[in-house]
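1. no sequence for this one, just the structure:
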C-alpha cells in the first residue's frame, strides 16, 4: 500500500504521509518520500511543495520503533542510518520552496523531517519534540544538527536532554515554526503562503534557497561570493528579462521558470 502520495493544484504540490495511526517514519515511508520528491523536482507544474500527514493526530510521531530491536548490540549499520540522512538532506536541499503543515504530533523523526522544510505551519494542537533520550538514545535524523541551527544551542540542548515536548505556541516563540494557526486550518494557511511564491520565478527562488542553505555554513566572505555567483547566474535566465520588462511596462510578470 502506498504510504506517501501527492497531488498538484495551482502550481502547489501537496505531499501527504499516510501511515496510520501516527504516520511514523518507516523504511517504506522514507523510500517513498525520496521517490515523490524526486518526481516533483523535475515536474514543471510544481513550484512549491507542501508536506503534511494524513488525519489530525500526527504530522509524524517519530521513527518506527519496531525496527529498532534488530540494531541493538549491532555495529556496522551506519550505512543504514546514512540512507535516512540521504533522504532528509535531499529534502533540505530540494530546489523548490517547501512548507511543512504540522497537524498534530511532530516527534522524533517527524520533527527532524519538519526541520528539513523551509517553513513550518503548526496547528495549535500540534506538539513538537525530540523524545529519543527517553529510550536511552538520541536524535539520529539530523536533530542534533538542525535544531541548534534553528533555535540556538542552549534551547536545543534543553529539548534534547529532557525529551520534553513543546506546544505549537512555544515552538513559535523559539523560532521552530513560522506560524501557528487554528486546528484544521494549517493546509489552507500553507496554501495562501505558497500562493505568494508560485507566481515568482523558480529560477530566483531556488537560488535564494541555495544561497541561504549553503551560505549559512560558510565564512561571510565565501558566502557573499557564493551569492554573487548565483546573482550572476540569475541574470542569464529568461525570467530576469521578463521581470525587468514587466516592471518597465507596469504589468505583472509572467514567469516561465526558465
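-> Great, that's in hand. Owing to the predicted nature of the structure, the values given are computational and were not obtained by experimental measurement. Numbering: from 1, shown residues only.
2. alpha carbons only for contacts and neighbour counts from here, please
-> Will do.
3. skipping adjacent residues, who's closest to residue 147 in space?
-> Nearest non-adjacent residue to residue 147, counting by Cα to Cα, 6 or more residues apart in numbering: residue 156, 5.8 Å away.
4. now that neighbour, what's its secondary structure?
-> Classification of residue 156 using DSSP: H, G, I helix; E, B strand; the rest coil returns helix.
5. residues in contact with it?
-> Residue 156 sits next to 144, 147, 148 when contact means Cα atoms under 8 Å, 6 or more residues apart in numbering.
6. with residue 121 instead?
-> Residue 121 neighbours (Cα under 8 Å, 6+ apart): 99, 100, 101, 102, 177, 178, 179, 180, 181, 186, 189, 190.
7. list just the nearest of those residues to residue 69.
-> Taking Cα to Cα as the measure, residue 69 sits nearest to residue 102 out of the contacts of residue 121, at 28.5 Å.
8. tell me how far the residue nearest to residue 147 lies from residue 149.
-> The spacing between residue 156 and residue 149, counted by Cα to Cα, to the nearest Å, is 9 Å.
9. can you check residue 220 too?
-> In terms of Cα to Cα, residue 220 sits 16 Å off from residue 149.
10. same question, residue 127
-> 20 Å.
11. neighbour count for those two, which is higher?
-> residue 127 (25 against 12; other Cα atoms under 10 Å).
12. test my guess that the more buried one contacts residue 164.
-> No. Taking Cα atoms under 8 Å as the definition, residue 127 is not a contact partner of residue 164, at 10.0 Å.
13. any buried residues in the worst-scoring helix or strand of the chain on mean pLDDT, and which?
-> Ranked by mean pLDDT, DSSP states H and E, the helix or strand of the chain with the weakest confidence is helix 78-92, at a mean of 93. Buried residues in helix 78-92, defined by neighbour count with 16 or more other Cα atoms under 10 Å: 84, 85, 87, 88, 89, 90, 91, 92.
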